[in-house]
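> sharing a model prediction with you, sequence too.
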Amino acid sequence: MKVVLTEDVRGTGRKGSIVEVAEGYARNYLIPRKLAKEASQGALRALHQEKEAASNRIDRLREEAVKMRDRIDKVMVTVYARAGEGGRLFGSITAQDIADALWKQHRIKLEKKRIELEENIKAMGLHFVPVKLYREISTEIRVNVVEERKGETV
């Protein structure tokens, strides 16, 4: 009997695949537990539509990531921080600080989890911070850390 799996089933197949199984296994185990549906025309059509929608969603996300990369490549973010002698910061600049500054200065919304800081920035100057926007799409944000003066905060 042919069935369309609605969940991953160990030893049988992955979600969305069409598999041939014993009729008893399908009727007594897979279908009652909603792990599979009988491979009717309607089920096959629904499967095709789901795969097409997922493909469209992936294409849209990839397109948005490319646009975001192009916007980020054009900007530099300035972060103000209190510093001591030798350019050492009192504290550090985190991914959240960078995301906040990017929003305030350039109106680019970026989640802090996308900013891949190996460790927080602890020195003044220009830093290149990697950002992963989508699976294979990444870029770097130019972050300029300068000493905070009275009246300047971002």
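Great, that's in hand.
> which regions of the chain lie under the pLDDT threshold?
150-154 (pLDDT under 70).
> can you list the domains in the chain?
2-64, 67-147 (automatic domain parsing).
> how about the ones you listed in a markdown table, adding mean neighbour count?
Yep, even glycine has a C-beta here, placed from its N, CA and C like the rest. Shown next, in a markdown table, are these (neighbours: other C-beta atoms under 10 Å):
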| stretch | mean neighbour count |
| --- | --- |
| domain 2-64 | 14 |
| domain 67-147 | 15 |
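> would you map the helices across the protein?
Secondary structure of the chain (DSSP state H): helices located at 23-25, 41-73, 95-106.
> just list the residues touching Arg135, thanks.
Arg62 (C-beta atoms under 8 Å, 6 or more residues apart in numbering).
> meant to ask about Pro32, not that
Per C-beta under 8 Å, 6+ apart, neighbours of Pro32: none.
> tell me the contacts of the most centrally placed residue in the chain?
Centroid-nearest residue in the chain, with C-alpha atoms, centre = their mean: Tyr134, separated by 5.5 Å. Under the criterion of C-beta under 8 Å, 6+ apart, the neighbours of Tyr134 are 61-62, 65.
> closest one to Gly16 among the helices of the chain?
Counting by C-beta to C-beta, Gly16 lies closest to helix 41-73 out of the helices of the chain; the figure is 6.2 Å.
> packing partners of that closest one?
Helices and strands touching helix 41-73, by 3 or more C-beta pairs under 8 Å, 6 or more residues apart in numbering; DSSP states H and E, are strand 2-5, strand 125-134, strand 137-147.
> can you redo those as a markdown table with distance to Ala26?
Compiled in a markdown table, the helices and strands packed on helix 41-73 are given as follows (distance: least, C-beta to C-beta, whole Å):
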| stretch | distance to Ala26 |
| --- | --- |
| strand 2-5 | 5 |
| strand 125-134 | 38 |
| strand 137-147 | 41 |
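> Ala22 is nearest to which of those?
Among the helices and strands packed on helix 41-73, the nearest to Ala22 by C-beta to C-beta is strand 2-5 (10.4 Å).
> for the closest one, which strands pair with it and how are they oriented?
strand 18-20 (antiparallel), strand 36-38 (antiparallel) (DSSP bridges).
> just to revisit the earlier point, beta partners of the residue nearest to the centre of the chain?
Beta-bridge pairing for Tyr134 (DSSP bridges): Ile137.
> now do stretch 105-114: everything it contacts.
Under C-beta under 8 Å, 6+ apart, the answer for stretch 105-114 is 68, 71-72, 75, 77-78, 94-96, 98-99, 102-103, 131-133, 154.
> brilliant, that's me finished.
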